[in-house]
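J.: no FASTA, just this:
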């Protein structure tokens with residue numbers, strides 16, 4: 001159960017958490033067409049700071065454009081709505097969920113005049129894969145479900161309906177006793193986790209899946225840049241499941257998952273079975289950045305001023 005906050009921003013005004021309701025015949029509820037984001041706000045010495053807000057808002061608009069949904073607000077209005085929602089709920093840190101959805105009106109696969117609704121919710125949410133997972137790593141399994149082909153769904157868009165694929169994979173591996181699912185692409189190469197991008201490290205080279213069948217993760221982009229700034233070699237290149245098995249290190253990245261190590265995949269221990277030096281170095285750097293302790297990346301943080 002989510003820990004509720006006080007207010008949710010809905011179509012330009014705040015409503016009480018319990019009153020943030022939609023009609024049962026809301027179009028997106030039935031057909032899954034919409035766009036959403038997952039964003040984190042972190043506690044820092046200078047107050048709450050939203051990580052890479054501009055990039056998340058831009059991806060929200062890109063997803064909507066791909067789906068031919070016209071958001072009835074500007075980018076700046078959405079940015080302000082997100083900041084205001086964090087501010088009005090007086091949260092030092094939180095998870096942020098903006099969502100654009102097709103509202104109540106006509107039904108069927110093709111609709112023209114339904115309203116486009118936008119909402120922003122925030123809540124207190126800890127480590128997605130657990131505090132122990134962040135520290136020691138998690139066990140993953142290759143799912144029997146395949147990640148989307150680029151011409152079956154638009155993989156650049158973050159769309160509610162696409163996550164059925166992820167949910168099926170996650171349920172499958174959780175039932176088998178694992179923490180997370182790894183999905184392969186339609187050609188059999190490693191794609192990503194159910195809600196995370198994946199990296200491996202071997203012999204001094206970090207690899208991550210190229211932007212083919214995967215979502216262009218903002219945390220993924222962050223880690224690539226930070227690693228290169230450290231002088232580490234990062235290549236965006238397809239790799240097979242046995243490349244994953246023999247990696248020295250492996251980890252997942254995502255707004256929810258942050259940077260979570262993998263210590264076992266398909267009952268094969270990865271490297272030493274513990275988070276390796278590259279993983280730990282990048283994880284430490286990531287948390288230093290998001291908590292406002294690394295001035296080199298201060299432009300990635302948007303601070304939320306308190307209610308005056």
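T.: It's in. Given the structure is predicted, the values throughout are model-derived calculations rather than measurements.
J.: just for the protein, where's the confidence low?
T.: 308 (pLDDT under 70).
J.: per-domain residue ranges of it.
T.: 7-123, 131-290 (automatic domain parsing).
J.: now, of the ones you listed, which is deepest in the fold?
T.: Of those, the one with the most neighbours on average (mean count of other C-beta atoms under 10 Å) is domain 131-290, at a mean of 19. Using the backbone N, CA and C atoms, a C-beta is placed for each residue, glycine as well.
J.: Any idea how far apart the tips of that one sit?
T.: Start-to-end span of domain 131-290 (C-alpha to C-alpha, to the nearest Å) is 17 Å.
J.: same question, stretch 105-119
T.: End-to-end for stretch 105-119, by C-alpha to C-alpha: 18 Å.
J.: for residue 136, what are its contacts?
T.: The contact partners of residue 136, by C-beta atoms under 8 Å, 6 or more residues apart in numbering, come to 261, 263, 274-275.
J.: how close does residue 20 get to residue 140?
T.: Residue 20 sits 34 Å away from residue 140, taking C-beta to C-beta, to the nearest Å as the criterion.
J.: For residue 78, which three-state class applies?
T.: Classification of residue 78 by DSSP: H, G, I helix; E, B strand; the rest coil places it in helix.
J.: How about the secondary structure of the nearest residue to it once chain neighbours are set aside?
T.: Setting aside the residues directly before and after it, residue 78 is nearest to residue 57 in space (C-beta to C-beta, 6 or more residues apart in numbering), at 5.3 Å. Put simply, residue 57 is helix when judged by three-state DSSP.
J.: Could I get the contacting residues of residue 199?
T.: 206-208, 220, 223, 250-253 are the contacts of residue 199 under C-beta under 8 Å, 6+ apart.
J.: how about the strands in the stretch 101-250 of the chain?
T.: Using DSSP state E, counting those that start in this stretch, the strands of the stretch 101-250 of the chain run over residues 116-123, 138-146, 180-184, 190-193, 197-202, 205-208, 233-236, 249-254.
J.: Adding distance to residue 216, write those out as TSV.
T.: As requested, the strands of the stretch 101-250 of the chain are exported to TSV (distance: least, C-beta to C-beta, whole Å):
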stretch	distance to residue 216
strand 116-123	22
strand 138-146	19
strand 180-184	16
strand 190-193	11
strand 197-202	9
strand 205-208	11
strand 233-236	11
strand 249-254	12
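J.: residue boundaries of the helices in the stretch 101-250 of the chain?
T.: Secondary structure of the stretch 101-250 of the chain, counting by DSSP state H, counting those that start in this stretch: helices at 131-136, 163-175, 218-229, 241-245.
J.: what's the second one in contact with?
T.: This points to helix 163-175. So helix 163-175 is contacted by 32, 140-141, 143-145, 147-148, 179-181, 183, 194-195 (C-beta under 8 Å, 6+ apart).
J.: That one: how far from the chain's middle?
T.: What separates the centre of helix 163-175 from the centre of its chain is 16 Å, taken as C-alpha atoms, centre = their mean, to the nearest Å.
J.: Let me know the closest of the contacts of residue 199 to residue 86.
T.: Set against residue 86, the nearest of the contacts of residue 199 by C-beta to C-beta is residue 253 (22.8 Å).
J.: Tell me how far the nearest residue to that closest one once chain neighbours are set aside lies from residue 79.
T.: With sequence-adjacent residues excluded and distances taken as C-beta to C-beta, 6+ apart, residue 253 is closest to residue 219, at 4.3 Å. To residue 79, residue 219 is 19 Å away according to C-beta to C-beta.
J.: Residue 60 too?
T.: Taken as C-beta to C-beta, the span from residue 60 to residue 79 is 10 Å.
J.: likewise residue 224?
T.: 24 Å.
J.: Which of the helices or strands spans residue 263?
T.: strand 258-265 (DSSP states H and E).
J.: and that strand, how far from the chain's centre?
T.: Worked out by C-alpha atoms, centre = their mean, strand 258-265 lies 15 Å from the chain centre.
J.: and that strand, what other elements does it pack with?
T.: Judged by 3 or more C-beta pairs under 8 Å, 6 or more residues apart in numbering; DSSP states H and E, strand 258-265 is in contact with helix 131-136, strand 138-146, helix 218-229, helix 241-245, strand 249-254, helix 277-290.
J.: Reformat the ones you listed into a markdown table and put distance to residue 164 next to each item.
T.: Formatted as a markdown table, these follow (distance: least, C-beta to C-beta, whole Å):
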| stretch | distance to residue 164 |
| --- | --- |
| helix 131-136 | 24 |
| strand 138-146 | 10 |
| helix 218-229 | 22 |
| helix 241-245 | 23 |
| strand 249-254 | 18 |
| helix 277-290 | 30 |
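J.: quick one, which of those is nearest to residue 38?
T.: Using C-beta to C-beta, those put strand 249-254 closest to residue 38, at 7.8 Å.
J.: mind listing what the closest one pairs with, with the direction of each?
T.: Using DSSP bridges, the strands paired with strand 249-254 in its sheet are strand 197-202 (antiparallel), strand 258-265 (antiparallel).
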